[in-house]
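Engineer: no sequence on this one, just coordinates:
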């Protein structure tokens, strides 16, 4: 009986020690996973912001070529994507810049409908604003976007 009790205690201690050891390893792995998840989220956000900047540069190019019909189509997609990103944004400075750009949607749409060259200047300014905010923030390591041409 005494030997059975000693064997039982040794087994319980072995199990407890093994559990404690593995639990410590699991916590370390969980911490690494949390860091990797945060980095992935930041990278995905930076990619989306770079896509928005790319869309703006395409709008600058299209309006510079005075192709306002295509620009209207591109503008709709850009502003829809921008609205989605505003809903996701967690960084206040980027969020406020995107909201200020989004607030210009109706005005830009009207300018494009009239074929007014002022829409080109508006897209150039939006691109500059977004680029400056991304450069100031670092956008999770996002590269600085090229400068949009002023007029063509």
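Structural biologist: Noted; the coordinates are in hand. What you see is a predicted model, and the numbers here were worked out from it, not measured in a lab. Residues are numbered from 1 along each chain as shown.
Engineer: only C-alpha atoms from now on, for both contacts and neighbour counts.
Structural biologist: Noted.
Engineer: check which helix or strand covers the residue most central in space within the chain.
Structural biologist: With distances taken as C-alpha atoms, centre = their mean, residue 45 lies nearest the centre of the chain, 1.6 Å away. Secondary structure from DSSP states H and E places residue 45 in helix 2-64.
Engineer: low pLDDT regions in the protein?
Structural biologist: Across the chain, the stretches falling below the confidence threshold (pLDDT under 70) are 137-152.
Engineer: what about residue 121, which SS state?
Structural biologist: helix (DSSP: H, G, I helix; E, B strand; the rest coil).
Engineer: what about it, distance to residue 100?
Structural biologist: 16 Å (C-alpha to C-alpha, to the nearest Å).
Engineer: neighbour count winner among these two?
Structural biologist: A side-by-side neighbour count of residue 121 and residue 100, using other C-alpha atoms under 10 Å, places residue 121 first with 17 against 13.
Engineer: mind checking how far the more buried one is from residue 41?
Structural biologist: Relative to residue 41, and taking C-alpha to C-alpha, residue 121 is found at 33 Å.
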